[in-house]
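K.L.:
Let me see the structure of the following:
(3 chains)
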Amino acid sequence: MSGIRTWAARLGDRQVSTGWLVVWAAIVVLLALAFAMRPGLFVDQAVGGLVFGMILVLVALGLAIILGLLGVVNFAHGALFMLGAYLTYQVMQDWGLPFVVALVVVPVAVGLTGVVLERLVIQHVYEENPLIGFLATFGLALMLTEAIRATWGGSPLSVTMPAALASSANLLVTTVARFRLFTVGLAALTVLGVYLLIDRTDFGLSVRAGVLDREMAEFLGVNMPVRFVAMFFLGTAIAGLGGVLRGTEVTMDIGLGQSIVILAFVVVVVGGVGSLFGSVVAGLLIGEAVYLTPVVLRVLAGATGIGLLDVPSIGGLMPYLVMIVVLLVRPRGLFGQEGFLE
Amino acid sequence: MRQTTRRDVLKGVAASSTVGLAGLAGCTGGGGGGTETTNSGGTTQGTTMGKAGGGGPTSFTVGVFSAFSGPFADWGPAHKLGATIAAEDVQKDHDVQVTIKQYDTETDPSAALDRMKRAVTADGIDFAFGGISSAVCSSMGTWASDNGVVYVADGSSGTLTGKDCKPYMFRTYSSNPMMSNGVAPKMADLADSWYLLYADYVWGQNAQSIIGSLLKKEGAAVVGSDATPWPPTSNDYTQYLNNVANSDATGLALVEPGGLPAGMMKQARNMGILGDYKVMVHQAEDPTFWGVGKWAAEAVDVAPVGWNNAVPGGEAFKKEVASRGNLDPFVRHVTAYEGMDSLLRASIRAGSKDAADVRGALEGYEITNSRINDLEDGKVYWRACDHQLVKPTYIISGKAQADMQDTPYKSWFTIDQTLAGDDVARSCADTGCSF
Amino acid sequence: MSRGSIVDRVTAGLPDAVGGVPLDQFRVPVGLVLVVLLLRPVIADPRMAGYPQLANTILIWMLFAASFNLLLGYTGLLSFGHAMFFGIGAYAAAVGLTRFGLPWVAAAAAGLVLSAAAAYVVARLIVQKGEIYFAMLTLAFAQAVHYVANQDPAGLTGGTTGITGASPAWLVSERGTKFVHVAGVQFDWYALLAVVFVVAMLAIWQVVRSPFGRSLVAIRENATLARSMGMNVDRYKVWAFTFAGLFAALAGVLVEVNNQGATLQLLSLSVSGDVILMTILGGSVFFFGPLAGAFVWLFAEDFLTGFNTLVLPLTELPMARIGLSGVLTYWQFFLGLLFVIVVLLSPREGIWGLLRRAVARVVALLGGGEGQ
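P.N.:
Model (predicted):
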C-alpha cells in the first residue's frame, strides 16, 4: 500500500496537458462560484460530503478487503451489513444493553456468520471464475435477507442512540450530527487498523504473499486457509460494524442491504480493486461529488437562468457518473493494481 | 373430477413435521368440516362456509394481489386479512361461498402482471383486488380491464383514476390529489414557508406539484423543493436536510414513501434541527412509525391519510384485526375490506359476475355497509366518472407520547380534521379520465 | 462434440450425414425446436405450473439470457447493465405505438436499431477496460438510462408507471390468451413468439459458429494471445456487444407485446442482475445453458410463490395439513438456497451441465456393457 508515495511521485513526474488544466480550472471556478453565492450551504455540504464519504469508506471497506485480497465478489456484503444493523436492534432495543456492548459484540457476531458462510460455501469457489462466487453470494444474500425478515419483520425499525452522541456538534463553520463524527472517527481508526495489519505485520505480509502466489506460500509453510478465513472474518466484521453504526444513526429496513452493496462496489471500483488507499480516496471523492454537485448546479441554474441545469435528484446518479469519468481516464480506477480481476 | 396437481404429487413426500393450520384459512367450525378447496394451480385459502341457494352468483373466487415478499412484505398479510374479514361478513349476510386466492406481486409490475394473467386464466378468479405501487396497479389493471375482470386497485397515484383509468378498474385508496388537496390549507396554517422533499417518481412528483401550487394559493411560500433519488441509493439524506437548514423554511414536507420519512426525521433530529420545523408527512401509514418509535410519530405535525385507526367507531373491526393479524389496524386493512366488500356486494346486487354488470352496480353506489360506515367518518361512494372511491380524507398529527395508546392496538395519532371526499377530490373534468 | 458423448451414443446408429450436411449441425436447431414444442405443454401441465402463458415469459427471458451469454459465455465479457438494451427495445416499441402512432413493426425495428446503436457507442467507449471495470461501467450507463427514463422526458416514457395498454394492432386478447390476427388468419401468440425465438436463436447460433464467433471464443480464452496474433480484439468485443444489445432489444420488443407496455422496472438493476444469475445458473459454457437457467429460475419463482399448502399424506386421507403459507412467503430464501446448491454441485457448468451429466449417467446405465 505505498499508494501515497507512488501517487505523489507520479504527480511530480507527470506533465499535465492543457485539456486537463482547463477541466480542473472549470471545476475550481464552479466551486468558487457556488461558495460565493451560497457560502453557508456550500460549507455545510462540503463538510457533509467528507463525512458522508468517510461513511462510504467504512461501508465499502469490508468489501474492499474481501475483493482485493481474496478475489471474491461478496454480494452478501449488503446482507451482512444489514444483519449488523438488525442485531444492533436486537441487542439494544430488545435486550436493553448499552450501545458499547453492541459496538463490540455485533461485529464479532457478523464476522462469525461470515466465517460460517465461508466455510460452508465460499471456500469452494475460490478457484473458480469470480462470477460463480457472485452467484453463490447472491444466493446467500437472499437467504440472509429472508432470515432477517423472518426474525424481525418487514417494517422499518429504529434504535435509540446513546444520549451522549445524540446531539449535534458545533464545528464553528458548520453543524454536524455528533454520531456522524463518531462514525467518521471509527471509520478512520478502522482504516488505519486494517492498513497496519496488512502492511506492517508479519501476518499481513504472509496474507499478501499468499494472495500473490498461494502455492509458494503454502510450500513455505504458511497456513493459507486460516489466513483466508481470518481475512474473511475481518471483512465481514467490518461490514457488521458499518451496519451497527448506520443502523443506529438512521432507521433500518429490509431494503437496506441491496441499496448499499451497489454503492460499496462503486466505491471499491473507483478506488481501484486491491488498493486500500484508493477506496478511501474514492469514498471521499464520491461523497463530495454527491453533496456538492447539486449545489453547484443549482447556483449555476440560478446564475444563468437555465432552469434545466437544476437536475432533480442528480445526487443519486453522481456515484455512477464519477465512476464513468474516473474509469475513462484511469482505466484501473484511481489506484488499481494491474492484474486484479482483469 | 379433480385433476392431479403438482401439490398432489408432493403429498407423497412424507415428511413428519408438526401439524400447522394455515392461519387465515379459517378451517373453523361451519359446515362441511372446513375443507380447503384445492383447485388446479394457484394458492387456496378457502373460507367455504354458508350454503348455496337462490338466484344470482353463489360462489366467488377473488384474487388478492399484494406484496408478500420484499420491502413491503408486511403489507400483504394486512391486505389479505382485510379482504378475509370482508368475505366472512358477506357470507354471513348472503348465502354465498367465497374463496380468496393470494398472489405475490413482488412489487414488480411484470411479475404482478404474470400473476394476474395466471389468476384469471388458470385459477379462474372472478374479481381482483390489490397492488400497492401504482406501476403494479396500472400494469395489472390495464390487463384485467382489457380481459373483462373487475379489479379494485389500492395504489394512490392520481393516474389510476386519471389518464390511466380503465373501464373495469376501480380504486379504493384515497387518491394522491385528494390527500394533497386536503393537506395544503392546514400546512399553510401551520407554517408560512415550506421546504418540500419528495421522492423522484410519479407519486412524489405529482404530490409535490399539487401541494406546491396549493400552498402558494393559500398564501404560504415554497422556499425550496428537492427531489430525492429514486430508487434510493443510500438511506442518507443529510445533504437535503442541509438544504432545508440553509433556507428560510419553517415547515418541512416529507413526500416520501414507506419508512423514509421516519429515517429523515431521525437524521434531522441528530442534526438538531427537527424541532425547528413543522413536519408534514404525506400519506403516513402507521406501521412505518410503530417500529421506529413514539418520538417519530409525535414529531409529525400534519399528515394527510386515507384512514387512521383513530377514527371514532369500528372498534370491533379494529380489535379483530389486532388479534388476528400480524400488524395492528392501519389503512390497508380498511381499504382491503372496502374493496372486497364492494366487489362481492356489487355482484350480488347485479345478480351476475359479468364485468359490465358489476361495473354498473358499482358506479355511483353509496356504501351502506354499517361496518364501513363505522370505520369511515363520512359519506363513502363509488364515483362513476373515474371509479374513485370517494370517502373522507383525514388530516392527522402525532399525539403526545404520554397519550399514545398501545393496547388493544397501537394508536399514536389523532385526527385533527376530517374532510369530506367530495371536497378534496378532483372534479371529474380535472382527472383526465375517459373510458 | 467429443467422442463418447450422450448425443454420439444416441445417434450412433444414424448416418453421419444427410444430403452432404453432417448430422452434427442439426443438434442445435433440433434442440431449439424441441424446446419451443415442449415448453408450453410442460408448463401448462397442472403438475408443473398449470398456466400456459408462463411459457411466453420463459421464452422471452431465454432469448434475453442467450443474448447476454453471447457476451459472457462466448466473449468473456461481463455486463452489469444488459437490462438497458432490453428496456430500450421495449420502450421504443411502446413509445412508437402510443406516442407516435407508428405500426408496431416500425416501432420495434426502430427499437432494434436504437439499441444496437447504443450498444455500439457504449462499447466503443469502454471495451478497453479490464473485466470488473468494464462491468461497472456498463452498470453506470444502465443506471443513467434508468434515470433518464424515470425523469419522463417530454412525457415519452411515463416515469415509474411506464406505458400501459400499448398493444400492436394485430394482437387480440381474449380473457388471457393472446392471438395474432393477420390477413384473416388467427393463431396463438405463442406460435409467433416461438417462431421469432427459434429464428433469433438460430441467428445467435450462426454468429457463434462463424469465424467471428470462434474469434470471440479465442478472445475469451486468452485475449493477450489473440492480440499477439494480430487480432483486433477491441473491435471484436465491440461487435459482440452490439449483437448482444440487438438480440436483447429483440427480447425487449417481444416482452412489450407480452406485457402490452413497458415499465421502468425493465431497465432496473434487478433485471440486469437476474439475467446474469440465470445465465450462470444454467451454465454459461453451454449454448443451451442460459435457456436452462431462465427456465429453472422463472419456473422456481412461479412454483414457490404459488405453493401454499402441503397436504400429507394424501388429499383424500388428510392427516396433516401443513400450512406453508407462513414459511413460503419467504420463498426467496429457497430460491437463494437453490443457487447455492447449484453452485456447490456444479460450479462451472451450472444446471445444464448437471443435466447432461445426469443423462449421460442414465444412458450409461441403460446402455450397460453394450457399445463401450
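K.L.:
pretty sure C:Trp61 is in a helix, no?
P.N.:
Yes. When DSSP: H, G, I helix; E, B strand; the rest coil is applied, C:Trp61 is found to be in a helix.
K.L.:
Can you give me the distance of it to C:Val255?
P.N.:
8 Å (C-beta to C-beta, to the nearest Å). Every C-beta, even on glycine, is put in place using the N, C-alpha and C of the backbone.
K.L.:
What ranges does the stretch 151-300 of chain A have for its strands?
P.N.:
A:168-170, A:175-177 (DSSP state E, counting those that start in this stretch).
K.L.:
Contact residues of the stretch 51-200 of chain B facing chain C?
P.N.:
By the rule C-beta under 8 Å from any C-beta of the partner chain, the part of the stretch 51-200 of chain B lying against chain C is B:68-70, B:73, B:76-77, B:102-104, B:106, B:108-111, B:113-115, B:117-118, B:120-122, B:133-135, B:138-139, B:142-143, B:146-149, B:157, B:159, B:164, B:166, B:200.
K.L.:
Now name the helix or strand holding the residue of chain A found nearest chain B.
P.N.:
In chain A, the residue that lies nearest chain B is A:Gly316 (2.3 Å; C-beta to the nearest C-beta). Following DSSP states H and E, one finds A:Gly316 within helix A:314-329.
K.L.:
which ones among the residues of the stretch 51-200 of chain B next to chain C come in contact with chain A?
P.N.:
Applying C-beta under 8 Å from any C-beta to these, those adjacent to chain A are B:69-70, B:73, B:200.
K.L.:
Let me know the closest of those to A:Thr190.
P.N.:
For those, the minimum distance to A:Thr190 (C-beta to C-beta) is 31.6 Å, reached by B:Gly70.
K.L.:
I'd guessed the closest one sits against B:Ala111; true?
P.N.:
No. Taking contacts as C-beta atoms under 8 Å, B:Gly70 lies outside contact range of B:Ala111: 10.2 Å.
K.L.:
What is the burial count for residue 36?
P.N.:
I went with chain A, as the question did not name one. 10 (other C-beta atoms under 10 Å in any protein chain shown).
K.L.:
wrong one, I was asking about chain C
P.N.:
Other residues lying near C:Val36 total 19 when counted by other C-beta under 10 Å.
K.L.:
That one and C:Val199 touch, don't they?
P.N.:
No. Using C-beta under 8 Å, C:Val36 is not in contact with C:Val199, being 10.8 Å away.
K.L.:
circling back to that earlier point, could you dump the strands of the stretch 151-300 of chain A to JSON lines with mean neighbour count?
P.N.:
Output for the strands of the stretch 151-300 of chain A, formatted as JSON lines (neighbours: other C-beta atoms under 10 Å in any protein chain shown):
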{"stretch": "strand A:168-170", "mean neighbour count": "15"}
{"stretch": "strand A:175-177", "mean neighbour count": "23"}
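K.L.:
got JSON lines for the ones you listed, with mean pLDDT too?
P.N.:
Listed next are those as JSON lines, based on pLDDT from 0 to 100:
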{"stretch": "strand A:168-170", "mean pLDDT": "86"}
{"stretch": "strand A:175-177", "mean pLDDT": "88"}
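K.L.:
Generate TSV for those strands, with distance to B:Glu338 as supplementary columns.
P.N.:
Output for the strands of the stretch 151-300 of chain A, formatted as TSV (distance: least, C-beta to C-beta, whole Å):
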stretch	distance to B:Glu338
strand A:168-170	45
strand A:175-177	42
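K.L.:
Quick one: closest of those strands to C:Leu192.
P.N.:
The closest of the strands of the stretch 151-300 of chain A to C:Leu192 is strand A:175-177. By C-beta to C-beta, the value is 58.9 Å.
K.L.:
excluding its backbone neighbours, what's nearest the residue of chain A closest to chain B?
P.N.:
B:Pro229 (2.3 Å; C-beta to C-beta, 6 or more residues apart in numbering or on different chains).
K.L.:
I figured that neighbour was touching A:Met318, is that so?
P.N.:
No. With contact defined as C-beta under 8 Å, B:Pro229 does not reach A:Met318; the gap is 9.3 Å.
K.L.:
So which residues on the stretch 201-342 of chain A come close to chain B?
P.N.:
By C-beta under 8 Å from any C-beta, the residues of the stretch 201-342 of chain A that approach chain B are A:246, A:249-251, A:253-256, A:259-260, A:262-263, A:290-291, A:294, A:312-313, A:315-317, A:319.
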